[in-house]
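A.B. asks: The amino acid sequence is not available; the structure is as follows:
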């Protein structure tokens, strides 16, 4: 399929990448920006921001849209939370996003590591708000993370329910919705966030249903982006969504009651994360 003119690659300045990579490699840290081949890496690295990827860079699941490596993960690094907090301090971040690979090999799914990272960031920099982009956790694990009081909890539904068997074969749509709703039941003050991709064959009615389902779970922030195929081994793009359609969905999201909606071809779940928190906090 021919790539339309509005889909253009943005290459970061070499010096920007080098500076950020030097810091991250020195602290033995990963970012989802690099591992997932995010198209916004130049913009975000240029602003001195990044989404930290904890619990290693190898995922135990095999979603067919994701560029993160799959296989057998390494043991948990107990010093990782302190190194993430150190990076936050060195970068002077006022809002930090933390995510991870899925770790089915861990009894708690990695919840304790998320909790420790949030604690360390708050201890080293009370000025930095924290957003966690979580994999599915059981209720006990979610409670452990909620009790550390991150300002935002994000969990993406990724695509329409009909497409789950092909796109997310190891997940269930209903589980992700219930997970998001559980956050509000545990602590209604936490801002919740979710997002999905377009271009995998979903219909407009399915897009609307995803938005309605998320609002039924009181999700505050919505992100909508274009699926871009990471490699020939991943699912092909079914169609490219015109920017005008993204604007239409953005307006629809606001009409449904979301507090903040960001939608566009290059939008990813942590894009404009700081701005979203600011809008929800006013």
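C.D. replies: Cool, the structure landed. In this text, all values refer to a predicted model and were calculated from it rather than measured experimentally.
A.B. asks: C-alpha from now on. contacts and neighbour counts both.
C.D. replies: OK.
A.B. asks: in the stretch 1-150 of the chain, which spans are strands?
C.D. replies: 30-31, 51-54, 58-59, 69-70, 95-100, 129-133 (DSSP state E, counting those that start in this stretch).
A.B. asks: Save the ones you listed as JSON lines, and put in distance to residue 261, mean pLDDT and mean neighbour count too.
C.D. replies: Shown next, in JSON lines, are these (distance: least, C-alpha to C-alpha, whole Å; pLDDT from 0 to 100; neighbours: other C-alpha atoms under 10 Å):
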{"stretch": "strand 30-31", "distance to residue 261": "24", "mean pLDDT": "62", "mean neighbour count": "22"}
{"stretch": "strand 51-54", "distance to residue 261": "19", "mean pLDDT": "85", "mean neighbour count": "23"}
{"stretch": "strand 58-59", "distance to residue 261": "28", "mean pLDDT": "76", "mean neighbour count": "19"}
{"stretch": "strand 69-70", "distance to residue 261": "30", "mean pLDDT": "70", "mean neighbour count": "16"}
{"stretch": "strand 95-100", "distance to residue 261": "18", "mean pLDDT": "89", "mean neighbour count": "23"}
{"stretch": "strand 129-133", "distance to residue 261": "16", "mean pLDDT": "94", "mean neighbour count": "25"}
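A.B. asks: and the ones you listed as TSV, adding distance to residue 78?
C.D. replies: Listed next are those as TSV, based on distance: least, C-alpha to C-alpha, whole Å:
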stretch	distance to residue 78
strand 30-31	15
strand 51-54	11
strand 58-59	17
strand 69-70	21
strand 95-100	15
strand 129-133	18
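A.B. asks: of all those, which lies closest to residue 170?
C.D. replies: Ranking those by distance to residue 170, with C-alpha to C-alpha as the measure, places strand 58-59 first at 12.3 Å.
A.B. asks: Pretty sure residue 139 is one of the things residue 111 touches, is it not?
C.D. replies: No: between residue 111 and residue 139 there is no contact under C-alpha atoms under 8 Å: 10.2 Å.
A.B. asks: Looking at those two, which has the bigger crowd around it?
C.D. replies: It is residue 111, of residue 111 and residue 139, that has more neighbours when counted by other C-alpha atoms under 10 Å, with 23 against 14.
A.B. asks: OK, contacts around that one?
C.D. replies: Residue 111 sits next to 137, 141, 142, 144, 145 when contact means C-alpha atoms under 8 Å, 6 or more residues apart in numbering.
A.B. asks: so who does the first one touch?
C.D. replies: So the one you mean is residue 137. Neighbour list for residue 137: 108, 109, 111, 179 [criterion: C-alpha under 8 Å, 6+ apart].
A.B. asks: Equivalent analysis for residue 116, please.
C.D. replies: residue 81 are the contacts of residue 116 under C-alpha under 8 Å, 6+ apart.
A.B. asks: Now do it, the pLDDT please.
C.D. replies: On pLDDT, residue 116 comes in at 97.
A.B. asks: Can we start the residue count at 5 from this point?
C.D. replies: Noted, 5 is the first residue going forward, which turns the last one into residue 120.
A.B. asks: Pull out the buried residues from the contacts of residue 141.
C.D. replies: Among those, those classed as buried by 16 or more other C-alpha atoms under 10 Å are 112, 113, 115, 183.
A.B. asks: Return the closest of these with respect to residue 99.
C.D. replies: Proximity of the buried ones among the contacts of residue 141 to residue 99 (C-alpha to C-alpha) peaks at residue 115, which lies at 20.3 Å.
A.B. asks: now the contacts of residue 115 as TSV including pLDDT?
C.D. replies: Converted to TSV, the contacts of residue 115 look like this (pLDDT from 0 to 100):
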residue	pLDDT
141	95
145	97
146	98
148	98
149	98
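A.B. asks: For these, which entry has the maximal number of neighbours?
C.D. replies: Going by other C-alpha under 10 Å, residue 149 tops these with 26 neighbours.
A.B. asks: so where does residue 217 fall, helix or strand?
C.D. replies: Element membership for residue 217, per DSSP states H and E: helix 208-220.
A.B. asks: for that helix, packing partners?
C.D. replies: Under the contact criterion of 3 or more C-alpha pairs under 8 Å, 6 or more residues apart in numbering; DSSP states H and E, helix 208-220 touches helix 247-260.
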